[in-house]
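S.K.: Next come a sequence and a model predicted from it.
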Amino acid sequence: MLLPTNRMAIAVSISGKSQTDIVNQIAECQKYPIDLIEWRLDVCLAAGYRPTAMDMQSIITTSSVPMILTYRTTAEGGEYPFEPHLYTQLYLNGWQAGATFLDVEYQIWPKVSAELAGQKSAIIMSYHNFEITPNNLLTKIQAMAQARPAMIKIAVMSHGAKDTDYLLRTIASYQSIPMIGIAMGAAGARSRTAGFAYGSRITYTTLPSTAPMAPGQIDLPTLITVLHKGHPRF
């Protein structure tokens with residue numbers, strides 16, 4: 001998939017308690033000028049919905065927008081614990097059904113690399129810290145890059161302008177692999193709209209009818225206004 005070359009891609013995160021819920025949200029997403037849909041599998045699992053291979057085929061083929069599959073573990077702020085077989089099976093089913101990207105946490109990669117090695121060209125390797133902005137981000141990025149994923153995503157909690165500046169400067173300093181940089185929280189809001197200037201390729205949001213899935217997410221209509229229409233950055 002080719003991402004936009006003049007702005008960050010907009011990814012809308014969705015989930016639900018059933019196939020119908022998710023299909024309805026996909027239909028709603030497709031009313032907006034977005035670039036990606038992120039299906040949060042962990043939120044489905046926490047709600048009691050475990051999609052079958054057939055479900056995933058039906059859901060993914062419903063979407064005219066490329067999809068990211070994300071099973072965010074509780075260790076990195078998600079809603080469902082890591083279960084190795086379930087994790088790899090969902091990702092393999094989704095890949096076979098036509099998903100474009102698979103979000104794999106760096107800490108999980110050694111445990112699933114054998115099963116997902118054939119999908120490396122689609123993997124967004126991610127690191128999340130909902131507490132702080134660690135001071136060794138470049139070291140983390142360099143370690144993640146050794147796996148040669150399609151993209152690297154860094155999402156950390158910003159407690160002020162210095163944290164946000166540090167994240168964005170670090171992202172800008174490493175562009176050997178396409179990067180996603182998110183400073184979570186109110187102090188990091190500008191990373192979600194101005195990040196492209198530093199090499200950040202994707203920004204995440206949710207539908208107006210659903211709650212944010214991460215601290216500091218900016219609502220979809222605002223992102224569209226800022227990114228598509230060139231309004232001043234935050």
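M.R.: Sure thing, it's come through. Numbering: from 1, shown residues only.
S.K.: distance between the helix or strand hosting residue 180 and the chain's centre?
M.R.: Using DSSP states H and E, residue 180 sits within strand 179-184. The chain centre lies 10 Å from the centre of strand 179-184; the measure is CA atoms, centre = their mean, to the nearest Å.
S.K.: Sketch out the strands for the protein, chain order is fine.
M.R.: Remark: strands assigned in the chain by DSSP state E are 9-14, 36-40, 67-70, 101-105, 123-129, 151-157, 179-184, 202-206.
S.K.: who wins for proximity to residue 55 among those strands?
M.R.: Shortest distance between residue 55 and the strands of the chain, using CB to CB, is found for strand 36-40: 11.1 Å. From N, CA and C alone the C-beta is placed, and that goes for glycine too.
S.K.: in the sheet, who's paired with residue 68?
M.R.: Here residue 68 sits in beta bridges with residue 38, residue 101, going by DSSP bridges.
S.K.: isn't it right up against residue 124?
M.R.: Yes: in this structure residue 68 lies within contact range of residue 124 using CB atoms under 8 Å: 6.8 Å.
S.K.: which residues do these two both contact?
M.R.: Both residue 68 and residue 124 are contacted by 101, 102, 103, under the criterion CB atoms under 8 Å, 6 or more residues apart in numbering.
S.K.: which among these end up buried?
M.R.: By neighbour count, with 16 or more other CB atoms under 10 Å, these hold 101, 102, 103 as buried.
S.K.: Among the residues you listed, find me the one that's closest to residue 82.
M.R.: The nearest member of these to residue 82, counting by CB to CB, is residue 103 at 13.2 Å.
S.K.: any idea how far the closest one lies from residue 39?
M.R.: As judged by CB to CB, to the nearest Å, residue 103 and residue 39 stand 10 Å apart.
S.K.: Show me whatever sits in contact with both of these two.
M.R.: Residues within reach of residue 103 and of residue 39 at once, by CB under 8 Å, 6+ apart, are 68, 69, 70.
S.K.: Check the first one and give its pLDDT.
M.R.: Looking at residue 68, its pLDDT reads 98.
S.K.: which ones are touching it?
M.R.: Counting by CB under 8 Å, 6+ apart, residue 68 touches 11, 36, 37, 38, 39, 99, 100, 101, 102, 103, 124.
S.K.: do that again at 7 Å, thanks
M.R.: Neighbouring residues of residue 68 by CB atoms under 7 Å, 6 or more residues apart in numbering: 11, 36, 38, 100, 101, 103, 124.
S.K.: can you count the residues close to the residue nearest to residue 65 when sequence neighbours are not counted?
M.R.: Distance criterion CB to CB, 6 or more residues apart in numbering; nearest residue to residue 65, sequence neighbours excluded, is residue 37 at 5.0 Å. Here the number of neighbours of residue 37 (other CB atoms under 10 Å) works out to 25.
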